[in-house]
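Engineer: When you get a sec, could you give me coordinates for this:
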Amino acid sequence: ALSTTTLGTTVNYSWTATVISGSATGFNTNGSGTNISEVLTSITNTPALVRYIITPSIGNCTGASITRDVTVNPTPIGFNDLVNLDCSGNLSYSLSDNVNNTSNGANSIPATFTWTVSTNSNITGPTASSGNTINQTLYNLSNSSQQIIYTVTPKATGDGTCTGNSFTVTVNVPVCSSISISKIADRSSVSLIGDVINYTITVVNTGNTSQHNVIVSDPYLGGNLLNPIKTGGNTDNILEKGETWTYTGSYVITQSDLDNYGKPTAGSGIIHNIASVVTTELPTVQSATSDVNITKTASFTMVKATTATTYSAVGDVLNYTIAVTNTGNVTLHGIQITDGNGTITSTNPIVSLSPGLTSTVTITHTVTQSDLDVGSISNSATGLGKDPQDIDVSSSSNTVTTPVSKTASFTMVKATTATTYSAVG
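Structural biologist: Coordinates of the predicted model:
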């Protein structure tokens, strides 16, 4: 401020201002009044010198001019910038690079920085702090793109330690909505009706956005699954970032699965199970599969027996039975029994035979003279059927031998036509 009175008389002032060195803004080249109030800024990275020549006057009388030199130290200048994050959420922004970027209006003045940050409840991670780089991890918890604004204040580290005008770094934080689903079985193969496959289905929020109305479905485990074990967070009904929900369930093998040699695709040789998940935020179905091999065994046995212990005459009838047992794990059909030394008297072929069941075939043999002459009768049979995929399955029986009861004998009857005799010779 300039003195305004001298011996009770009002003093007026006028002045001129000139840049002596460097470059500066914010001043008027001339002015008048009782107070010089201007904000001077060096617009280069070196100090500027502004010289004020002040002339006092009273009425028409002009006093001696006063010279005042003002050194304007450089002030760091940054520019407003925009950053688009990816789903990693990693923000690493160099504030020093900002003020050094002269092509965007900065002036390369060495500086330190402090910053404040706007409030956005949908974003986690932003904090006010200081330093040369903003290193923070930002996550968008919502389902729409969000923005956070850092307001940065630079302060020169050189002469004057002048504080520059604030600039902003606006950060767009994207929607990162993703989940994963996996499914595993506790066994690699099945072979029997009643075998149990225990499944574990795991759903993980691998993104940043919370997932609502999570529906996990598995048709082999009863449809929509309930009551998962929740880890990595809280136990509410929102699948939040980093949380894992684990579901379990069991499937029991049926005869149909074995006979079809596959589910849902017959002949595939596997139990192919698919679990799926959808959420409000991710309505497109994501799925995981698990395959368990089916071990198929198609076989049957034939055990032949007879109650006859012997035979003794042509026309004797020997009765046989053949116990045909399905010893495999799939249903057999069309089992044709062949016996070359007997007559089958029961239904032939056997229409269908389930695993573990037995069907009895009856056979008779009528004794011939040849059987008596040979001295024994040996009898066996063979069988040929098909599995559910119409692949041939064969077997043969044991041989049953029945001995003859022999009666070896003859008689002699002597006779003559002469009724008497009467002479020698």
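
Engineer: how about the helices of the stretch 1-150 of the chain, start to end?
Structural biologist: Using DSSP state H, counting those that start in this stretch, the helices of the stretch 1-150 of the chain run over 95-99.

Engineer: Tell me the buried residues in stretch 157-169?
Structural biologist: Using 16 or more other Cβ atoms under 10 Å as the test for burial, stretch 157-169 gives 162, 164, 167-169. (Each C-beta comes from the backbone N, C-alpha and C, glycine too.)

Engineer: Quick one: those residues as a markdown table, columns for secondary structure too.
Structural biologist: A markdown table is the format used below for the buried residues of stretch 157-169 (DSSP: H, G, I helix; E, B strand; the rest coil):
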| residue | secondary structure |
| --- | --- |
| C162 | coil |
| G164 | coil |
| F167 | strand |
| T168 | strand |
| V169 | strand |
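
Engineer: Out of these, which comes closest to N104?
Structural biologist: F167 (10.1 Å; Cβ to Cβ).

Engineer: Now do the same contact list for A128.
Structural biologist: Residues in contact with A128, defined by Cβ atoms under 8 Å, 6 or more residues apart in numbering, are 114-117.

Engineer: Can you check these and name whichever has the most neighbours?
Structural biologist: Neighbour counts for the contacts of A128, by other Cβ atoms under 10 Å, peak at W115, which reaches 23 neighbours.

Engineer: and it, what does it touch?
Structural biologist: By Cβ under 8 Å, 6+ apart, W115 lies in contact with 95, 128-130, 134, 150-153, 169.

Engineer: what would the residues you listed look like in a markdown table with distance to T209 and pLDDT?
Structural biologist: Shown next, in a markdown table, are the contacts of W115 (distance: Cβ to Cβ, whole Å; pLDDT from 0 to 100):
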| residue | distance to T209 | pLDDT |
| --- | --- | --- |
| L95 | 29 | 98 |
| A128 | 25 | 98 |
| S129 | 26 | 98 |
| S130 | 31 | 97 |
| I134 | 23 | 98 |
| Y150 | 23 | 98 |
| T151 | 27 | 98 |
| V152 | 28 | 98 |
| T153 | 33 | 98 |
| V169 | 24 | 98 |
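
Engineer: Any chance of TSV for these, columns distance to C176?
Structural biologist: Listed next are these as TSV, based on distance: Cβ to Cβ, whole Å:
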residue	distance to C176
L95	26
A128	24
S129	24
S130	29
I134	20
Y150	20
T151	25
V152	26
T153	31
V169	20
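
Engineer: Just the buried ones from those, in PyMOL syntax?
Structural biologist: Buried residues within the contacts of W115, by 16+ other Cβ under 10 Å, are selected in PyMOL with:
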select buried, resi 95+134+150+151+152+153+169
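
Engineer: In strands only, show me the contacts of W115.
Structural biologist: Residues of the contacts of W115 located in strands (DSSP state E): 129-130, 134, 150-153, 169.

Engineer: which one of these sits closest to S57?
Structural biologist: Lowest distance from S57 to the ones in strands among the contacts of W115 (Cβ to Cβ) belongs to T153, with 42.3 Å.

Engineer: Quick one: residues contacting the closest residue in space to that closest one that isn't next to it in sequence.
Structural biologist: Excluding its sequence neighbours, the residue lying closest to T153 (Cβ to Cβ, 6 or more residues apart in numbering) is S166, at 4.8 Å. Contacts here follow Cβ under 8 Å, 6+ apart; on that basis S166 touches 151-154.

Engineer: would you list those residues in CSV and tack on distance to I66?
Structural biologist: Below are the contacts of S166 laid out as CSV (distance: Cβ to Cβ, whole Å):
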residue, distance to I66
T151, 41
V152, 40
T153, 35
P154, 34
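
Engineer: If you count neighbours, what's buried in stretch 220-236?
Structural biologist: Here stretch 220-236 shows 220-221, 225, 228, 230, 233 as buried, counting by 16+ other Cβ under 10 Å.
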